[in-house]
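Asks: Structure, please.
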Amino acid sequence: GFCRYTSPITAPIRTSIAVVHFIFSYSNNAKYQTKLIGAVMGDVYLQNPRGSNNRLDETTSNRKNNNRLFDSQNNNKGGYNTGDRLSGEFRDKPERQYAMNYYASGAKSTEKSKLEIEWTNQHGCNNNKLDCNIVIQYMCMNNGTDDDYPDSSSSSEEAVLKRVFYIRDGVDTGTQKHKEADKNESEKKYEDRMERNFKDVDRKEGLHETVWWYDRCRYQEANGGLFTADQDLDKDRVGYVTASRTRQNPNGGQSGYECPEERDYYPYWSDTLQADYFKDDKDKFQRTPWIDLAWLGDRSRCSYIQKESFNRKSRFRCVGEGERDYAREINEKDCEKEGGKWVEFISFLEILEDAKSESECNKLKSKQGYNYISWRRLRSDSDTKKCVVQAPTPKCGEAPSTRVNHLGNAEDSHTNSRFSAELPYFPSLKSKRCVLRLRYNISTLDYDPLKTFAKSNDDDDVIENDPEIDFLGNGQEFELALNTAQTGRTFQDRSHAFVVLPREKSMEGKNILNLNVRGKRGNIVQVFPATEYDFVPNTLVVDRDDDLVHIQWTGSNSHDNNNDGDDGEGKGGTDRSNLLQLKDNDLGNSYPVLKLSDTKMFDGVKSLTHPDASEDDIAVGLATAGFYCGKKRYDTCPKEYSMERKRSLNDKLDEAPASYFGHVLKFSQKGTYNYLCTRNNNFSNRSQKGTIIVK
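Replies: As a prediction, this is how the structure comes out:
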């Protein structure tokens, strides 16, 4: 019943994502075996870090292009604009965008960098009305500083590679181009076409996955054993159905450079590498595949999910002859018939090129315990070995329980659905540019996904589109609203591009707790399905001996909803936040302390990112959202940006930047400190207050 594939093994495991989802595992002789994992409409929105939902800088309540970078399947109204670095819109200047900067975890278990990931999902999870799970992943590249941003449309090798591999939000809401292969494409035509595809990548448009990955998706044959109900998957120009077409995407529509089959099925049976690994001078363009951070669902599936994660378990791929590093077939037998090689590939977090030998690699291995470091081949058809860093096994646990038809807090919680993530540790100690994606996978329970395969396609006894039932027995039928393309469905949201920084030496031995701001301008109806402003986490517990706190936020200057409603304080369409201690340290107060000298929450506090900053300098920077870097000039705060200059600050923070890197702080005194944002906290309209508890 699996077309080219063997029948399922006994005791299969089911998870959500697209009705019937089975994964291939590999025996020692590398032949496919199938393990079933299972796969109703429900949007999902990232609230922290801010999810784009494919937005860029729209001034309208709806996004302009729902296929800009990925297929979210979400409502057009959701999402946050990319951050602005200054007080004005970035317009067509990417250097004026702000990417959140998080410090990486360290090598030791006492050096975690924690980020609270928050989201809302519409049709519930962890209840008895549907099957659901949440998959959280990230993808990173080397460097990724502003200086590396593609700044040329030339056809030079350097300019083309920058455009092809640089993860970016872009400055234009268009979708990247791709020209697919024709049937029986020759080697020469392939090389010419891919050269054109590489050169056509637009520096102004956003990019997550690569054009190489998408071309592979539109050439690799679709998994013919999947249940697609009565959905007809059209053939591609190559003459067969490819991985670009799924039950959810039967027409093969393009959304950025993501691969629909990989999006809709997890764990995916093939690798998610984004290109051939580049060596030598092209190491700066090194790209990770999708790295698994967490899977949240039914705990009984955790051992299977962790075992099958590409973080540690290799995948096989058919590699054709010539320059094309991929082929049509997805199993070993047909691969060999095609004249290809069945090659094993491993995932990597990074490749440590500075380690030139196994002994040098082992020295690095002995200095850290977060990742798995080994001297090995990246692919089985290569004799070259590298010092390979592989990510830890993903976290696995129970999904937050939420009710259906609701975009709000999780059950028994005062917060949105939340996962406390640990940011990665990169042994190279290099900055990385990354993007995070969260997939919300739900399926109906109208049939048994464990036993429903391709042989049940077009079987109305299993499920059909808009079926009618003769409940009354007199021929007057009721029609059920069932869309077989949606009874198993994958929704997703992704963050804007962000940067993971190597730690400063002063941060050694400490955890870093990230304190951020969620939400955007408007009242609760105008911002929906986003949220109004709040601090994340709203209550932060800090161990003064072990923890540091990085206070940072980002916002936009362009989201004015185009006359659909833009309630709030200050200049329309702009996000602003600041942080002042509450008067009498009372969370019920609407007033902050009235004088800088009355601020007590920063007594004895040290900034590790600005070590010359005084307590007053820290308080001034946070109170003015970085408009003033301090009360007085100091080493990293020039006089012209301090309060010593004559320029005054607007009382609504209009002239302050929308985004603020802030400080990494070391608290030394026990206490509970309550604070607010003066611009957005507006009693009976919205509250933006938070609490830090130092123990």
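Asks: hey, let's count contacts and neighbours off CA atoms from now on
Replies: Fine.
Asks: Next, the distance between the ends of stretch 605-623.
Replies: End-to-end span of stretch 605-623 (C-alpha to C-alpha, to the nearest Å): 16 Å.
Asks: How about residues contacting that stretch?
Replies: 506-507, 578-580, 596, 599, 602-604, 627-632, 634-636, 662-668 (C-alpha atoms under 8 Å, 6 or more residues apart in numbering).
Asks: Could you list the buried residues of it?
Replies: Neighbour counts over stretch 605-623 (16 or more other C-alpha atoms under 10 Å) mark 605-610, 613-623 as buried.
Asks: which residues sit in contact with the residue of the chain positioned farthest from its centre?
Replies: Distance to the chain centre peaks in the chain at Asn474, reaching 52.7 Å (criterion: C-alpha atoms, centre = their mean). Neighbouring residues of Asn474 by C-alpha under 8 Å, 6+ apart: there are none.
Asks: how far away is it from Gly322?
Replies: Distance of Asn474 to Gly322, given as C-alpha to C-alpha: 66 Å.
Asks: Grab the nearest non-local neighbour of Ala243.
Replies: Using C-alpha to C-alpha, 6 or more residues apart in numbering and skipping the chain neighbours, the partner closest in space to Ala243 is Ala222 (4.2 Å).
Asks: confidence score at the one you found?
Replies: pLDDT recorded at Ala222 is 96.
Asks: okay, now it: neighbour count?
Replies: Residues lying near Ala222 (other C-alpha atoms under 10 Å) number 21.
Asks: on that earlier part again, in strands, which of the contacts of stretch 605-623 appear?
Replies: Leu580, Gly662, His663, Val664, Leu665, Lys666 (DSSP state E).
Asks: Residue nearest the middle of this structure, spatially speaking?
Replies: Nearest to the mean C-alpha position of the chain, by C-alpha atoms, centre = their mean, lies Leu436 at 1.5 Å.
Asks: what stretches of the stretch 251-400 of the chain score poorly on pLDDT?
Replies: 277-283 (pLDDT under 70).
Asks: redo that, cut-off 90
Replies: 275-286, 321-323, 338, 353, 364-370 (pLDDT under 90).
Asks: same check, this time on the stretch 51-200 of the chain
Replies: For the stretch 51-200 of the chain (pLDDT under 90), the answer is 123-124, 128-131, 142-159, 161.
Asks: just to revisit the earlier point, wait, what's in contact with the nearest residue to the residue nearest to the centre of the chain once chain neighbours are set aside?
Replies: Computed as C-alpha to C-alpha, 6+ apart, the closest residue to Leu436 that is not its neighbour in sequence is Tyr138, at 4.3 Å. Residues counted as contacts of Tyr138 (C-alpha under 8 Å, 6+ apart) are Trp290, Ile291, Asp292, Leu293, Cys434, Val435, Leu436, Arg437.
Asks: quick one: the helices in the protein?
Replies: Remark: helices assigned in the chain by DSSP state H are 157-165, 187-200, 211-217, 260-264, 302-308, 332-338, 358-365, 524-527, 615-623.
Asks: who does the first one touch, helix- and strand-wise?
Replies: Going back to what we said before, that points to helix 157-165. On a contact count with 3 or more C-alpha pairs under 8 Å, 6 or more residues apart in numbering; DSSP states H and E, helix 157-165 meets helix 187-200.
Asks: what's the helix it packs on in contact with?
Replies: Here helix 187-200 makes contact (C-alpha under 8 Å, 6+ apart) with Ser155, Val160, Leu161, Val164, Lys177, His178, Lys179, Ala181, Val211, Gly322, Glu323, Arg324.
Asks: Give me the buried entries from those residues.
Replies: Val160, Leu161, Val164, Lys177, His178, Ala181, Val211.
Asks: Would you agree the fourth one is in contact with Glu205?
Replies: No: with the criterion set as C-alpha atoms under 8 Å, Lys177 and Glu205 do not qualify as a contacting pair; they are 9.8 Å apart.
Asks: who touches Asp381 in this structure?
Replies: Val343, Glu344.
Asks: 7 Å instead?
Replies: Residues near Asp381 by C-alpha atoms under 7 Å, 6 or more residues apart in numbering: Val343.
Asks: separation between it and Asn441?
Replies: For Asp381, the distance to Asn441 - C-alpha to C-alpha - is 35 Å.
Asks: and what of Gly340?
Replies: The gap separating Gly340 from Asn441 is 34 Å, by C-alpha to C-alpha.
Asks: out of those two, which sits in the more crowded spot?
Replies: Asn441 (31 against 21).
Asks: Cross-check the contact I'm expecting between that one and Leu130.
Replies: No: at 10.1 Å, Asn441 does not count as touching Leu130 under the criterion of C-alpha atoms under 7 Å.
Asks: Between the buried ones among the contacts of helix 187-200, which sits nearest Asp236?
Replies: Distance ranking of these against Asp236, using C-alpha to C-alpha, places Ala181 first at 8.9 Å.
Asks: The closest one against Tyr240, yeah?
Replies: No: counting by C-alpha under 7 Å, Ala181 does not reach Tyr240; the two are 11.6 Å apart.
Asks: hang on, the earlier thing: filter the contacts of stretch 605-623 down to the buried ones.
Replies: When the contacts of stretch 605-623 are checked for burial by 16+ other C-alpha under 10 Å, the buried set is 507, 578-580, 599, 602, 627-632, 634, 662-668.
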